[in-house]
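>>> no letters, just coordinates:
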Ligand code: AMP
């Protein structure tokens, strides 16, 4: 469907044309008219479907068509996202689609100084894209006024809940005006998501573009069975033989990401790691270098990679399978985006066969396996348990967010809670302040 048919304003159509989009994606076709009608929407859509434009375009139009009723300079639209990277990307989308409109936008996340954010807020901002923790800091310090918010978007709501942000979200929402439009986007609809929707959405229309946990059709998937100790060698071999120019590689741990990036660099393949222990500046630079083709391999942990928008990313490699099968779907969703073809390769050792079975169960099908000559698994090697304590993902579930208040499972180790925290990036300052 053409964008002209969706009732968007001339300014927005001009911005869309500048982007070169020819047709609205299915989520855009469904979401845009509903949002323009002012309805609350509960949308099941993953990254890569065009969901960001699906809510940003009509949100901008609503602001354009409705003269501001609040005081000048007050925040009129609030978009909550799980990670800093996603905040930066969504803000970029707001700037892109709103390039012919006068609205001021800013991103708010932790891990960076709060003062520049306060100064910018003082000057007046129409649209805020924020991670929950730092936004709550602003709310509690009264450096942001959310009393004029007309539209609220919860983007990647399932991931925000996974990261333990539910209490922060509820606190933030309690400060918003009751009369507002609510849009909730989530890749999956768990019970918790439904509860959140029931509490905060008003008679929402539910839309769904891809059934739960289905893999993008255009991603070709393959498993290379290989011994654990030979994975790095096989990866370098494939990158060389297949001449992959831009590869996103997933590891389970930050440590593993660092080590792999170093080893690949030793093999002469330019690689950098991106994870929550890296400074924001280092992460931004790594992503920019990767996008620009200066770096061939980006090694990422699940939380750090969440929401990364890299256009036409051709290859995703699961160097280690994720502990949580749904993460496999999120990971391979990084490739074959918006109509492109993509390939997802998983290097699977004997320890990971159970994880592979769990993934195949949610995909409802087997993933093709191919043994690469010279890398045949050694049948004498016995499976060993995977150390859950080092898992990246358990950080998100068990200790990643703020104020989980002990309701969640116990933390599994001191280091991993850090990744989710840094991915969202603001807890320590908030905690110190609260403690003091
Ligand atoms: P998202 O699902 O919002 O992360 O978007 C994924 C990618 O699709 C982004 O790189 C967008 O620029 C791109 N995109 C969004 N809408 C369209 C469209 N209608 N046609 C082509 N590409 C699009």
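Good, I have the coordinates. Every value quoted in this text rests on a predicted model; they were computed, and no experiment measured them.

>>> how about the strands in the stretch 201-350 of the chain?
205-208, 219-225, 247-250, 271-274, 297-300, 315-318, 342-348 (DSSP state E, counting those that start in this stretch).

>>> by contact count, what packs against the first one?
Okay, so that is strand 205-208. Counting contacts by 3 or more CB pairs under 8 Å, 6 or more residues apart in numbering; DSSP states H and E, strand 205-208 is packed against helix 26-36, strand 41-44. Backbone N, C-alpha and C define where each C-beta goes, glycine included.

>>> hmm, 6 Å instead?
strand 41-44 (3 or more CB pairs under 6 Å, 6 or more residues apart in numbering; DSSP states H and E).

>>> who's in contact with the helix or strand just after the strand it packs on?
Using DSSP states H and E, the helix or strand that follows strand 41-44 in sequence is helix 51-65. Contact partners of helix 51-65, identified using CB atoms under 6 Å, 6 or more residues apart in numbering, comprise 9, 12, 27-28, 31-32, 35-36, 45, 76-77, 90, 93-94, 97-98, 101, 151, 153, 183, 185.

>>> still on that earlier bit, now the strands of the stretch 201-350 of the chain in JSON lines, with distance to the ligand?
Output for the strands of the stretch 201-350 of the chain, formatted as JSON lines (distance: least, CB to the nearest ligand atom, whole Å):
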{"stretch": "strand 205-208", "distance to the ligand": "14"}
{"stretch": "strand 219-225", "distance to the ligand": "14"}
{"stretch": "strand 247-250", "distance to the ligand": "14"}
{"stretch": "strand 271-274", "distance to the ligand": "17"}
{"stretch": "strand 297-300", "distance to the ligand": "16"}
{"stretch": "strand 315-318", "distance to the ligand": "15"}
{"stretch": "strand 342-348", "distance to the ligand": "12"}
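
>>> point out the most buried one among those strands.
strand 297-300 (a mean of 28; mean count of other CB atoms under 10 Å).

>>> partner strands of that strand, parallel or antiparallel?
strand 247-250 (parallel), strand 271-274 (parallel) (DSSP bridges).

>>> among those strands, which comes closest to residue 120?
Distance to residue 120, taken as CB to CB, is lowest for strand 271-274 among the strands paired with strand 297-300, at 25.8 Å.

>>> from residue 41, how far off is the residue lying farthest from the centre of the chain?
Most distant from the centre of the chain: residue 380, at 39.7 Å, with distances by CA atoms, centre = their mean. Residue 380 sits 55 Å away from residue 41, going by CB to CB, to the nearest Å.

>>> repeat that for residue 239.
41 Å.

>>> more crowded one of those two?
The neighbour comparison of residue 239 against residue 41 (other CB atoms under 10 Å) goes to residue 41, with 24 against 21.

>>> I'd like to know how many residues surround the closest residue to residue 296 other than its chain neighbours.
Distances taken as CB to CB, 6 or more residues apart in numbering put residue 270 closest to residue 296, at 4.9 Å, once the chain neighbours are dropped. Residues lying near residue 270 (other CB under 10 Å) number 14.
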